[in-house]
Every structure is written in C-alpha cells, then in structure tokens.
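> Provide a 3D model corresponding to the input given below.
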Amino acid sequence: MYPTIDAKWGKMFLVENTFGDWLKQNRESRGLSQSELARLSMLNRAVINKLESGTHPTPDTLKAIARGLRISVENVYRAAGLLPVASKEREGIDDLLTLYNQLDPEKKKMLINYASFLNGLEK
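A predicted model of the protein is given here:
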C-alpha cells in the first residue's frame, strides 16, 4: 500500500495498489515485456521483476523507469507515492512535455504547426 491524496476531499489515505501494480499495468499496456522495459530503462530485468513484486524503488530507478516508459518523472514519482496525485489532465500535459522535449528542433516545429492546424479545425 502507498499513500495517496483524495482529489475531491484532499485527504490522505492508503490505497491497495502498489507501485509494482502500477508499473506492471503501464508496461503491459505498452506491450512491453520486463526485458524490453529493462532495456529501454537501462536497468537489469531482475530490477523490473523486483519492482513489480513490491520492492521499493530508488529515485534513480524511478527516473530510469520514466525514461523507459517515455513519461514524465513526476508521474512516476506520483505512482510511487512521492508526490501528490495530479489530475488526469495534468498527467497528460506532463507526458506531452516529456515527449516534446525529446524531439529534435525540426520535429518540434512540425508538431507545433500540426497542433495549430488542429486548433484551426476546431473553430
């Protein structure tokens, strides 16, 4: 169990899901094996296995997991109970910023142009 904050009431309580459950769900939703996530995270597969079995991660391991899953470190810290829970919208924004920052300048420009195009379609 790990602490989390109820978004509606702002009270802290313990939830049954563990970081290991969260990690396994995210890994599987991306179609990754433990070995594949380990390679992307530059960790040993045994580390991924231990995390999914309930071992508590270190901050460096959390950063590596974020890199491997291509999501923000903040969202991984939240899943580990080290930061307060954010809204789903905030999580999406954090992940978009993480992906954007991994692009080269030309692709960033293309993405901004595409977002502007999509925004124009909505008007």
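
> what residues does the strand or helix carrying residue 68 touch?
Here residue 68, judged by DSSP states H and E, is contained in helix 59-69. Helix 59-69 is contacted by residues 23, 26-27, 30, 37-43, 47, 51, 57, 72-73, 75-77, 80, 82, 98 when judged by C-beta atoms under 8 Å, 6 or more residues apart in numbering. C-beta here means a position set from N, CA and C on the backbone, and glycine is covered the same way.

> Repeat that for stretch 29-46.
27, 47, 48, 49, 52, 61, 64, 65, 67, 68, 69.

> try 7 Å this time
27, 47, 48, 49, 61, 64, 65, 67, 68, 69 (C-beta atoms under 7 Å, 6 or more residues apart in numbering).

> CA-only coordinates of the helix holding residue 68 in CSV, if you can.
The C-alpha trace of helix 59-69 is given here as CSV (Å, rounded to 0.1, in the frame of the first residue of the first chain):
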residue,chain,number,x,y,z
PRO,A,59,14.9,7.9,-7.1
ASP,A,60,17.4,6.9,-9.8
THR,A,61,15.4,3.8,-10.6
LEU,A,62,12.2,5.9,-10.9
LYS,A,63,14.0,8.2,-13.3
ALA,A,64,15.1,5.3,-15.4
ILE,A,65,11.5,3.8,-15.4
ALA,A,66,10.2,7.2,-16.6
ARG,A,67,12.8,7.2,-19.4
GLY,A,68,11.9,3.6,-20.4
LEU,A,69,8.1,4.3,-20.4
